[in-house]
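> Have a look at this prediction, sequence included:
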Amino acid sequence: MRNLLLATITFLSIGQTAFSQDANAILDKVRSQFQTIQDLRCDVEMKFDIPGVAIDQISGKMIYKKPDKFRVKTKGLIFLPKQNPFSQLEILDDPKNYMAVAAGQAKSNGIPCHVINVIPTNNGELVLMKLLVGIQDGRIHESELTLKREGTVQYFNKYASGTDFIPTSMEFKADFKRFKMPKAISGDFNSTPVREEEGQSKYETGRVLMTISNLDINGKIADAEFEEEGS
Amino acid sequence: MIRILQAEIIKAFARPRSYIGLASIVALVVLIDTSFYFTGKEYIDLLFQSFDQVFSLEGNIINGNLITFIILQTLIIQLPLLVALVTGDLISGESALGTLRYALTKPISRFKFITYKWITAMLYVLAILILLGVFAYLLSLVIFGLGDLLVLNADGLVVIRSAELFWRFMAAFVFAFISLTTVASLSLMFSAFSDNSIGPIVLTMVVIIVFTVISSFEMSFFDPVMPLLFTNHMHLWRRLFSDPIPMTEIMQSAGVLLLHSAVFFGITQYHFNRKDIFQ
């Protein structure tokens, strides 16, 4: 009986190590591609599908600079995910900060992918990250981040060419508590009262689609560009 | 005839109370602009906390358009009271002072007399709105600059791009004029029934406060009476900042308000024509 138990533990340990090694090897490829990027500038068109929010699509410029500077410049108001779209890549930058575990294979938008669970070892905001990395191209096609404060958020990436590392479209998806404001505060006395049905979820799913074009990688971006005008 | 109208206008604007409303608008606009300049971000964060968990709103949120909208939204509740302060006194004030009988010794019909009083009331409403519009809009734009408008509704948010806002504000001020016309007509009607200055003003305020409180309740019990309350239609200016704009609903409400004004004006004329001014 003892021999059987020892054999099982040994088998599981070897299996776990093998999975980790596989996962780390996959993430190494992703990291090495991301390491070639220091600064990024592109045009971006943003579309919003957020329940309770009526907002037109808008275009602007997106800039990113390592380690974590990110900004979208537009002439109007926009909704942005709290986590910048490159945050999942930033986490991978230092392998000491996480543990990677392979969790099989799955398809993202018809593309076969490795499923890798990334468990942070530091005590940061991220609790768990699930990445779907393309088997053929080694690029992130989908990511699901479980965060302490924000809950679970997802990114869906699409690539126009077979070689680009930066996606041509990034769709951000997250659940948030349904917006409801008393009339006395909003001043909206003429709205039809919103009465929740029994069993109706208090949460709704919001999406932000960012379509990228005119990509300029590693053209110098000054830190001042990330500061708000007038601030 | 023009001279009689001019005399009515001079009488109305010669009273110190006519400037209480105008002065309070200037003071409130300055106060709101100042408070937003120093603590506007806290206010926006409070309103936005439902989305704040996963989304951040980027851009010049606190801008001149938003502040003008907030000023309009805040003051639209108080403006009827300021209007009533002057228009509720137009007939009853003269009656209380004993000048009504002297005014009617002029070669003018009672119908025309009331019509001139009504026109004077409308001009006062117009003066208040022009002051509010010009002062609030210009001061806020100078301090906070241009930007998209974030409109907070009971069930969500609407972001209106800056380029679309000027005509919407103009339309909102026209709608506000129609709304305040109803209030001015109501207070003028009460004024025709009364022989003291305070009664019509207080009565107009009571009607507006009671109707507004009922409008703000979210209980289904009040749903059937909502369309009958003219104050409920007065808030429809806000729908001009919706996307899409419910034009039919807005036009219907404007029609209801104009109908109210016509009815109040008609009752005023009917009563005043039979009023014993020698008592």
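Looks like it arrived, so ask away. If you're wondering where the values come from, they're calculated on a predicted model, not measured in any experiment. Residues are numbered from 1 along each chain as shown, chains lettered A, B, ... in the order given.
> Please make it C-alpha for all contacts and neighbour counts, starting now.
Will do.
> Give me the helix or strand of chain A that scores worst on average pLDDT.
Lowest by mean pLDDT, DSSP states H and E among the helices and strands of chain A is helix A:183-186, with a mean of 61.
> Following the chain onward from that one, which element is next?
Downstream of helix A:183-186, the next assigned helix or strand under DSSP states H and E is strand A:203-217.
> roughly how far is that following strand from the heart of the chain?
10 Å (Cα atoms, centre = their mean, to the nearest Å).
> what's next to that strand, contact-wise?
Applying Cα atoms under 8 Å, 6 or more residues apart in numbering or on different chains, the contact partners of strand A:203-217 are A:37-51, A:79-81, A:167-178.
> filter the residues you listed to the buried ones?
Among the contacts of strand A:203-217, the ones that count as buried by 16 or more other Cα atoms under 10 Å in any protein chain shown are A:37, A:39-51, A:79-81, A:167-178.
> which of these come close to chain B?
Subset of these in contact with chain B: A:51, A:79, A:80, A:81, A:174, A:175, A:176, A:177, A:178, counting by Cα under 8 Å from any Cα of the partner chain.
> contacting residues for the closest residue to residue B:233 other than its chain neighbours?
Among residues not flanking residue B:233 along the chain, residue B:253 sits closest, at 5.2 Å (Cα to Cα, 6 or more residues apart in numbering or on different chains). Neighbouring residues of residue B:253 by Cα under 8 Å, 6+ apart: B:233, B:234, B:236.
> Just send these back as TSV, with secondary structure, pLDDT and distance to residue A:89 too.
Listed next are the contacts of residue B:253 as TSV, based on DSSP: H, G, I helix; E, B strand; the rest coil; pLDDT from 0 to 100; distance: Cα to Cα, whole Å:
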residue	secondary structure	pLDDT	distance to residue A:89
B:233	helix	90	53
B:234	helix	89	53
B:236	helix	88	48
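> Nearest to residue B:205 among the residues you listed?
residue B:234 (14.7 Å; Cα to Cα).
> List the residues that contact the closest one.
Neighbours of residue B:234 in contact, by Cα under 8 Å, 6+ apart: B:176, B:179, B:253, B:257.
> Let's see which of these end up in helices.
B:176, B:179, B:253, B:257 (DSSP state H).
> If you tally nearby residues, what's the number for the second one?
By the other Cα atoms under 10 Å in any protein chain shown criterion, the neighbourhood of residue B:179 contains 28 residues.
> And the one 4 residues further on, by the same measure?
Neighbour count for residue B:183, taken as other Cα under 10 Å: 32.
> how much space between the closest residue to residue B:143 other than its chain neighbours and residue B:96?
Counting by Cα to Cα, 6+ apart, residue B:64 is the residue found nearest to residue B:143 once chain neighbours are left out, at 7.1 Å. Counting by Cα to Cα, to the nearest Å, the gap from residue B:64 to residue B:96 is 44 Å.
> Likewise for residue A:164?
Residue A:164 is 85 Å from residue B:96, by Cα to Cα.
> do the same with residue B:154
Counting by Cα to Cα - residue B:154 and residue B:96 are separated by 45 Å.
> hang on, the earlier thing: from the contacts of residue B:253, which single one is nearest residue B:15?
Nearest member of those to residue B:15, counting by Cα to Cα, is residue B:234, at 27.7 Å.
> Helices of the chain, start to end?
With no chain named, the answer covers chain A. Using DSSP H, helices in chain A cover A:2-34, A:87-92, A:183-186.
> Actually, chain B is the one I wanted.
Going by DSSP H, chain B shows helices at B:2-14, B:18-52, B:64-87, B:92-97, B:100-103, B:110-144, B:165-193, B:198-216, B:230-234, B:247-274.
> Now do the contacts for residue A:104.
Residues in contact with residue A:104, defined by Cα under 8 Å, 6+ apart, are A:114, A:115, A:116.
> Give me the nearest residue to whatever residue of chain A ends up closest to chain B, chain neighbours excluded.
Nearest residue of chain A to chain B (Cα to the nearest Cα) works out as residue A:52 at 4.1 Å. With Cα to Cα, 6+ apart as the criterion, residue A:52 has its nearest non-adjacent residue at 4.1 Å, and that residue is residue B:156.
> beta partners for that neighbour?
For residue B:156, the beta-bridge partners are residue B:153 (DSSP bridges).
> now the stretch 1-150 of chain B, which segments are flagged as low pLDDT?
Residues of the stretch 1-150 of chain B meeting the criterion pLDDT under 70: B:1, B:50-51.
> Give me every residue in it lying close to chain A.
So far as Cα under 8 Å from any Cα goes, the stretch 1-150 of chain B lies against chain A at B:50-51, B:53-61, B:73, B:147-148.
> nearest to residue A:102, of those residues?
For those, the nearest to residue A:102 is residue B:54 (27.6 Å; Cα to Cα).
> which residues touch residue B:191?
Counted by Cα under 8 Å, 6+ apart, residue B:191 has contacts B:87, B:88, B:89, B:90, B:91, B:92, B:197, B:199, B:200, B:201.
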